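Trainee: Predicted model follows, preceded by the sequence.
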Amino acid sequence: MKEHGAYRSHWTHVLAAVIAATSLAAAAPPPRGMVLIPAGAYVPLLRDRTDPAQVPVAAYWLDERPVTNAEFLAFVSANPPWRRSRVSPLFADRTYLARWAGDLNPGPDAPAAAPVVQVSWFAARAYARWAGKRLPTIAEWERAAAAGFHRADGRAEPGFTAAVLAWYATPQPGVLPAAGAGRPNLFGARDLLDLVWVWVDDFNTVLISGDSRGSGAAGMFCGGAAANSRDPSDYAAFMRAGFRSSLAANYTVADLGFRCARDAAP
Amino acid sequence: MLLLFATLAALPGVRAADACPCCAAAAAAAPALSSRSVYQLDASWTTDAGRSFQLAALRGRPVVLAMFFTSCGYACPRIVADMTQIQQNLPAAVRDQARFVLVSFDDQRDTVAALQAYREAHGLNASWVLLRGAPDDIRELAAVLGVKYKRDAAGMFQHSNLITVLNPEGEIVHQRAGLEGGLAEAGRAVVAADTR
């Protein structure tokens, strides 16, 4: 009798272990250092008559904080063509990693935990690919950044918009502070609206003529009717759109870094 | 030179290869791409004949290149007409050497068949190369050229109007933005790029 009971008890344990293993496999842990931005909508700042008022954005993973100097060092260590002394001018301009002390040495002006800056769109994409990730799109990034600290629409939180504009107006410190120290927003992402501007995958979808006074502005773009803004008071969004439209893919800028994204399983 | 070689080779301990380093150099691979060459982008495209194509295959020729899509009703026909004009105005020797490249934004609708039909409809001869590719590669090429584009809700594209001239090394040597004028200047850039 005792033998029979032990047999049943053994299989119960095996069954429990199988169930536990299956549950673990189904509920895979989130990618390290990333937060889930749930499915939602992005309300484009600039749109013309044919554009929808809202763009659906599927759920995706977003880095909790910008990519740091330490992380970028690991990337260039493993990928010599992306080192400062070797990078092609096609892919990064002359101020690429200019504040680093050397190819493999960020140095005192680029603390390990601070966001990496002076990296081009090509370099950011190459890093993302190497890390098994990608850059977020404008719609994805704006959807994540629209959230406040405890509400889905940050503009509904008192002082939120003012704080964003205050940061945009602040000269960048010579040496950046550590990434990820900021307060997490509703989705758990930090430093979205301060610290550094960031590259997005489709930055060159912003078809704005820089100078409307120039006679050459007409005919610069096919199909781009005069864009209407959804909210002329969202000055922060205008600044971001203007900034993106001013960039070329190989530009490196002292307050422009990046963070990565990844598709979430449907 | 031969005398020098013979003399050096006669010296004890000097191998022929050491005596003639230029021979070893000549046997080496073709010179590496310029660090400014667009041909550093090694994406695989597909031609309107359904063949795989890399931009580096254009190396050695001046190239006039634009991005377009076949459903574009206004600007792209003008861009193609302008490129045709540039082609026709070139001296014959340069015209034969140059290639005119159209790369589509529209990975969904610009199939091989659609590109083929476009070539026929516009009478584009063998000097023209029509390409389609993957969205990521389209985004990257546009980024290198400085072309902005955006797919709208109807699947049409808003885009920069830009014609780019590449030299035989694949470096951007001239760009003509907008839809007005600048053809003579672009033509001169193509002639200057033909460094034979």
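Mentor: Looks like it came in fine. No experiment lies behind these values; they were computed from the predicted model shown.
Trainee: check contacts around the nearest residue to residue B:174 once chain neighbours are set aside.
Mentor: Using CB to CB, 6 or more residues apart in numbering or on different chains and skipping the chain neighbours, the partner closest in space to residue B:174 is residue B:189 (3.5 Å). No exception for glycine: its C-beta is placed from N, CA and C like everyone else's. Contacts for residue B:189 (CB atoms under 8 Å, 6 or more residues apart in numbering or on different chains) come out as B:165, B:173-174.
Trainee: Might you specify the subset of the residues you listed located within helices?
Mentor: Using DSSP state H, no member of the contacts of residue B:189 sits in helices.
Trainee: Tabulate the residues you listed in CSV, adding columns for pLDDT, neighbour count and distance to residue B:43.
Mentor: Formatted as CSV, these follow (pLDDT from 0 to 100; neighbours: other CB atoms under 10 Å in any protein chain shown; distance: CB to CB, whole Å):
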residue, pLDDT, neighbour count, distance to residue B:43
B:165, 98, 25, 20
B:173, 97, 17, 21
B:174, 97, 19, 23
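Trainee: Out of those, which is nearest to chain A?
Mentor: Closest approach between these and chain A, by CB to the nearest CB: residue B:173, at 13.7 Å.
Trainee: Kindly provide the distance from the residue nearest to the closest one when sequence neighbours are not counted to chain A.
Mentor: Closest residue to residue B:173 apart from its sequence neighbours, by CB to CB, 6+ apart: residue B:167 at 4.9 Å. Going from residue B:167 to chain A by CB to the nearest CB, to the nearest Å gives 14 Å.
Trainee: what's around residue B:167, how many residues?
Mentor: If you count neighbours by other CB atoms under 10 Å in any protein chain shown, residue B:167 ends up with 22.
Trainee: contacting residues around it?
Mentor: Taking CB under 8 Å, 6+ apart, we find residue B:167 in contact with B:62, B:173, B:193, B:195.
Trainee: Go again with 10 Å.
Mentor: B:34, B:36-37, B:59, B:61-63, B:173-174, B:189-190, B:192-195 (CB atoms under 10 Å, 6 or more residues apart in numbering or on different chains).
Trainee: what's the closest of these to residue A:161?
Mentor: residue B:36 (42.9 Å; CB to CB).
Trainee: Need the buried ones from the contacts of residue B:167 selected in ChimeraX.
Mentor: Applied in ChimeraX, the following selects the buried portion of the contacts of residue B:167 according to 16 or more other CB atoms under 10 Å in any protein chain shown:
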select /B:34,37,59,61,62,63,173,174,189,190,193,194
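Trainee: Keep only those of the contacts of residue B:167 that are in strands.
Mentor: Assigned to strands by DSSP state E, the following of the contacts of residue B:167 qualify: B:63, B:173-174.
Trainee: Which parts of the chain are strands?
Mentor: In the absence of a named chain, chain A is used. Under DSSP E, chain A gives strands at A:34-37, A:40-42, A:46-47, A:55-57, A:60-63, A:197-198, A:221-222, A:228-229, A:256-257, A:261-263.
Trainee: um, chain B though
Mentor: B:45-47, B:52-53, B:63-68, B:99-104, B:128-132, B:149-151, B:157-160, B:162-166, B:172-177.
Trainee: List of residues touching the last one?
Mentor: Okay, so that is strand B:172-177. Taking CB under 10 Å, 6+ apart as the rule, strand B:172-177 contacts A:90, A:216, A:219-220, B:36-38, B:62-66, B:79, B:82-83, B:86, B:144-147, B:160-167, B:182-183, B:185-190, B:192-193.
Trainee: buried set for stretch B:98-112?
Mentor: Using 16+ other CB under 10 Å as the test for burial, stretch B:98-112 gives B:98-107, B:110-111.
Trainee: residues touching the closest residue to residue A:262 other than its chain neighbours, list them.
Mentor: Distance criterion CB to CB, 6+ apart; nearest residue to residue A:262, sequence neighbours excluded, is residue A:61 at 4.3 Å. Shown in contact with residue A:61 (CB under 10 Å, 6+ apart): A:30-31, A:33-37, A:133, A:136, A:260-265.
Trainee: Now do the helices in chain B.
Mentor: Going by DSSP H, chain B shows helices at B:2-10, B:16-19, B:21-27, B:75-89, B:92-97, B:112-122, B:135-145, B:183-193.
Trainee: I'd say residue B:190 and residue B:85 touch.
Mentor: No - with contact defined as CB atoms under 10 Å, residue B:190 and residue B:85 do not form a contacting pair (11.8 Å).
Trainee: roughly how far apart are the residue in the stretch 1-150 of chain A positioned nearest to chain B and residue B:170?
Mentor: Residue nearest to chain B within the stretch 1-150 of chain A (CB to the nearest CB): residue A:88, separated by 4.6 Å. Going from residue A:88 to residue B:170 by CB to CB, to the nearest Å gives 12 Å.
Trainee: between those two, which one's more packed in?
Mentor: For residue A:88 and residue B:170, the more surrounded residue by other CB under 10 Å is residue B:170, and the numbers stand at 23 against 16.
Trainee: circling back: any idea how many residues pack against the closest residue to the residue of the stretch 1-150 of chain A closest to chain B other than its chain neighbours?
Mentor: In this structure, residue A:88 finds its nearest non-sequential neighbour in residue B:35, 4.6 Å apart by CB to CB, 6+ apart. When neighbours are defined as other CB under 10 Å, residue B:35 has 13 of them.
Trainee: Run a quick check on residue B:35 versus residue A:250, I expect a contact.
Mentor: No - Residue B:35 is beyond contact range of residue A:250, at 11.6 Å (criterion: CB under 10 Å).
Trainee: Now do the shared contacts for those two.
Mentor: A:87-91.
Trainee: which of those residues sit farthest apart?
Mentor: Greatest spacing in the shared contacts of residue B:35 and residue A:250, by CB to CB: A:87 and A:90 (9.0 Å).
Trainee: Touching both of the two, which residues are there?
Mentor: With CB under 10 Å, 6+ apart, residue A:87 and residue A:90 have common neighbours A:120, A:122, A:250, B:35.
Trainee: what about the residue lying closest to the second one once chain neighbours are set aside, how many neighbours?
Mentor: Okay, so that is residue A:122. Residue nearest to residue A:122 in three dimensions, not counting chain neighbours: residue A:91, with 4.0 Å by CB to CB, 6+ apart. For residue A:91, the neighbour count with other CB under 10 Å is 22.
Trainee: I'd say residue A:91 and residue A:79 touch.
Mentor: No - look at residue A:91 against residue A:79 with CB under 10 Å: they stay out of range, at 11.8 Å.
Trainee: Common neighbours of these two, please.
Mentor: Counting by CB under 10 Å, 6+ apart, the common neighbours of residue A:91 and residue A:79 are A:123, A:126.
Trainee: Could you check the pLDDT of residue 71?
Mentor: If you meant another chain, say so; for now it's chain A. On pLDDT, residue A:71 comes in at 98.
Trainee: actually it's chain B I care about, not the one you picked
Mentor: 95.
Trainee: And the contacts of residue B:167, which is closest to chain A?
Mentor: Nearest to chain A among these: residue B:36, at 5.7 Å, using CB to the nearest CB.
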